[in-house]
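**Q** Sequence first, predicted coordinates after that:
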Amino acid sequence: MTTDLRVLAESEWASWYGALDLAFGGVPEAPQEQELWHDLVERDRSLGVWDGDACIGTTSAFSFRLSVPGGALVDAAGVTMVSVAATHRRRGVLTSMMRRQLDDVRAKGEPLAVLTASEPVIYGRFGYGAATSQMQVTIDSTRVRLSVPAGTDDVRLRYAVPADVHAACEELYARRVVERPGMLARRPGWERHGLLDPESDRAGASPLLCVVAERAGELVGYVRFAVKPDWEWQGPKGTVRVRDIEALDPAAYAALWRFLFDIDLTSSVVARSRPVDDALLQLVSDVRRCDISVRDSLHVRLVEVGAALEARTYQAPLDVVFEVEDAFCPWNAGRWRLTGDAKGASCARTRDAADLALSVRELGAAYLGGVSLTSLAGAGRVRELRQGALAEASVAFGSDVAPWLPHGF
Ligand SMILES: CC(=O)SCCNC(=O)CCNC(=O)[C@H](O)C(C)(C)COP(=O)(O)OP(=O)(O)OC[C@H]1O[C@@H](n2cnc3c(N)ncnc32)[C@H](O)[C@@H]1OP(=O)(O)O
């Protein structure tokens, strides 16, 4: 098979995007969604593989800045739109695209690449580790009550048209980004993602609704959601579907959740993408009636091990030598000494004896502080070569706040 892998030209957009659609089942997206991606996709970071004039492979990358422990925003390639035509699968097309893409990311100087995977089994071989989790929670709001903090009654709630308040909501979101690793600083244009609401995706629910929380006229929180009405012989049984919810303080947060729980004619509240340490779980009266499931979310790849490990801080002092294995990006392989604390870090090559041995995939999984090196060692994926080094590094790598990616890309 002779194929040509090249950067996407504007004239190739329709074939490229059509190939991507087909690999995901061939159901065309709504026009407004197609338009959004048409505008957001960075052409010079998009690759296509061509067999004659047929596009048989696609991938792209967004130029993101990712929040990491310590609050820095680190340049990260947001790998996306990966597909290979079913007619050409399992012949190494994906591997060739990953090769080119990671070389390009390195040349651009981004220390990290990140992605969300359609199937978690795909990307480990390319050095990505599952670094954040997302929680889906379905709550029986007829039985579960909330214990709200003082000040909740002082928060004023009002409905707003989502598009009318989006600038203020984006400002509030931007303040939250540095407080939680895994969040992405939204580039101009990305606010449209939060407002995307094609009718074909509603499955019987209302259009996107928004309620803002205010105190003394200042925005202190917002929730975007939809209501799916349902009626049974015994009465109403509607569902509140939460898209996103952000607040600047506990009272505003509680006020928004209380509102969602109390919407008339509904009996359940569903939120699909919440952090695993969501304060909601501390507000509810009966966590057993909150049906919770957790799955992988953001996968992280350290493209430049030294620069990436220096870009975050560590919650306890550490001085460890890692022996890193990286077959796909061999420039990372070898021994690295990482010293750091809560103020900063330095990471450089060393000839000293290694304290811990692991592959770049484990470093990616542990990077945002959501997966402990100790738990990876329990699975045999990290080896301790100096007694005490595992506990030292594992504590230092941790994050008090669970890393979380609020939305896909
Ligand atoms: C970030 C994102 O965009 S996620 C979206 C990913 N895209 C999709 O899920 C769309 C549907 N699927 C596809 O398009 C393709 O099957 C892809 C992109 C997942 C894989 O493309 P391929 O060209 O077949 O992969 P390639 O031949 O390079 O495979 C490399 C290795 O990964 C393995 N692999 C690839 N995909 C999968 C998978 N879905 N499940 C298990 N193993 C897989 C292959 O078996 C191969 O293993 P080997 O090296 O041991 O032989």
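**A** Sure, I can see it. Numbering: from 1, shown residues only.
**Q** and the residue of the stretch 251-400 of the chain found nearest the ligand, bridged to which residues?
**A** The minimum distance from the stretch 251-400 of the chain to the ligand, using CB to the nearest ligand atom, falls at His299 (8.2 Å). The C-beta positions use only the backbone N, C-alpha and C, and glycine is treated the same way. Under the criterion DSSP bridges, His299 forms beta bridges with Leu115, Ala130.
**Q** Now do the same contact list for it.
**A** Val114, Leu115, Thr116, Ala117, Pro120, Tyr123, Tyr128, Gly129, Ala130, Ala131, Gly364 (CB atoms under 8 Å, 6 or more residues apart in numbering).
**Q** would TSV of the residues you listed with neighbour count be doable?
**A** Compiled in TSV, these are given as follows (neighbours: other CB atoms under 10 Å):
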residue	neighbour count
Val114	29
Leu115	23
Thr116	20
Ala117	17
Pro120	14
Tyr123	24
Tyr128	26
Gly129	26
Ala130	21
Ala131	25
Gly364	28
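**Q** filter these by proximity to the ligand?
**A** Near the ligand, taking CB under 6 Å from any ligand atom as the test, the members of the contacts of His299 found are Leu115, Ala117.
**Q** any idea of the pLDDT on the residue of the stretch 301-409 of the chain found nearest the ligand?
**A** Here the stretch 301-409 of the chain gets closest to the ligand at one residue, Phe409, 8.8 Å apart by CB to the nearest ligand atom. According to the prediction, Phe409 has pLDDT 96.
**Q** three-state assignment of Asn95?
**A** Just so we're on the same page, residue 95 is Thr rather than Asn. Under DSSP: H, G, I helix; E, B strand; the rest coil, Thr95 falls in the helix class.
**Q** where does the stretch 51-200 of the chain come near the ligand, residue by residue?
**A** By CB under 6 Å from any ligand atom, the residues of the stretch 51-200 of the chain that approach the ligand are 79-84, 89-95, 115, 117-119, 121-122, 125.
**Q** Next step: the residues you listed restricted to helices.
**A** Counting by DSSP state H, these place Val93, Leu94, Thr95 in helices.
**Q** what about burial for the residues you listed, which qualify?
**A** Val93, Leu94 (16 or more other CB atoms under 10 Å).
**Q** Show the contacting residues for Val240.
**A** So Val240 contacts Ser141, Phe225, Ala226, Val227, Leu260, Ile263, Thr266, Ser268, Val269, Val270 (CB under 8 Å, 6+ apart).
**Q** Just to be sure, the last one is in a strand?
**A** Yes: per three-state DSSP, Val270 lies within a strand segment.
**Q** Surely Pro229 and Gly238 touch.
**A** Yes: counting by CB atoms under 8 Å, Pro229 does reach Gly238; the two are 4.6 Å apart.
**Q** hmm, back to that, please identify which two of the contacts of Val240 are farthest apart in space.
**A** Maximum pairwise distance in those, criterion CB to CB, is 15.2 Å, between Ser141 and Ala226.
**Q** Name the residue in the two with the higher neighbour count.
**A** Neighbours of Ser141 and Ala226, each counted by other CB atoms under 10 Å, are more numerous for Ser141; the result is 23 against 19.
**Q** I figured that one hits Ser268, correct?
**A** Yes: Ser141 is in contact with Ser268 according to CB under 8 Å; the separation is 5.8 Å.
**Q** Domains in this protein, by residue range?
**A** Here the domain assignment for the chain is 4-110, 135-296, 300-397, based on automatic domain parsing.
**Q** Please render those domains as TSV that adds distance to Leu405 and mean pLDDT to the earlier fields.
**A** Shown next, in TSV, are these (distance: least, CB to CB, whole Å; pLDDT from 0 to 100):
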stretch	distance to Leu405	mean pLDDT
domain 4-110	9	98
domain 135-296	5	97
domain 300-397	9	98
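**Q** Can you tell me which of the ones you listed is packed in deepest?
**A** Comparing those by mean neighbour count (mean count of other CB atoms under 10 Å), domain 300-397 comes out on top with a mean of 19.
**Q** Span of that domain from start to end?
**A** 15 Å (CA to CA, to the nearest Å).
**Q** Against Thr80, how distant is the closest residue to the ligand within the stretch 101-250 of the chain?
**A** At 3.4 Å from the ligand, Ser118 is the closest residue in the stretch 101-250 of the chain, using CB to the nearest ligand atom. Distance, Ser118 to Thr80, by CB to CB, to the nearest Å: 11 Å.
**Q** What separates the first and last residues of stretch 401-409, distance-wise?
**A** End-to-end distance for stretch 401-409, by CA to CA: 22 Å.
**Q** contacting residues around the spatially closest residue to Leu195 that is not a sequence neighbour?
**A** Computed as CB to CB, 6 or more residues apart in numbering, the closest residue to Leu195 that is not its neighbour in sequence is Pro162, at 5.5 Å. Counting by CB under 8 Å, 6+ apart, Pro162 touches Gly194, Leu195, Asp197, Leu208, Leu209, Cys210, Arg224.
**Q** Alpha carbons only: can I get the helix or strand where the first one lies in PDB?
**A** It stands for Gly194. Assigned by DSSP states H and E, Gly194 belongs to helix 191-195. C-alpha atoms of helix 191-195 as PDB (Å, rounded to 0.1, in the frame of the first residue of the first chain):
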ATOM      1  CA  GLU A 191     -16.700  29.400  24.400                       C
ATOM      2  CA  ARG A 192     -18.900  28.300  21.400                       C
ATOM      3  CA  HIS A 193     -18.300  24.700  22.500                       C
ATOM      4  CA  GLY A 194     -20.100  25.200  25.800                       C
ATOM      5  CA  LEU A 195     -23.100  26.600  23.900                       C
END
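**Q** Packing partners of it?
**A** helix 31-40, helix 162-177 (3 or more CB pairs under 8 Å, 6 or more residues apart in numbering; DSSP states H and E).
**Q** Quick one: list the elements packing against the first one.
**A** Looking back up the chat, that one is helix 31-40. Against helix 31-40 (3+ CB pairs under 8 Å, 6+ apart) you get helix 13-23, helix 191-195.
**Q** thinking again about what came up before, can you list residues touching both of Pro229 and Gly238?
**A** Joint contacts of Pro229 and Gly238 (CB under 8 Å, 6+ apart) are Leu265.
**Q** Tell me where the stretch 151-300 of the chain has strands.
**A** Taking DSSP state E, counting those that start in this stretch as the test, the strands found in the stretch 151-300 of the chain are 156-160, 209-215, 218-228, 231-232, 235-236, 238-247, 266-274, 290-296, 298-302.
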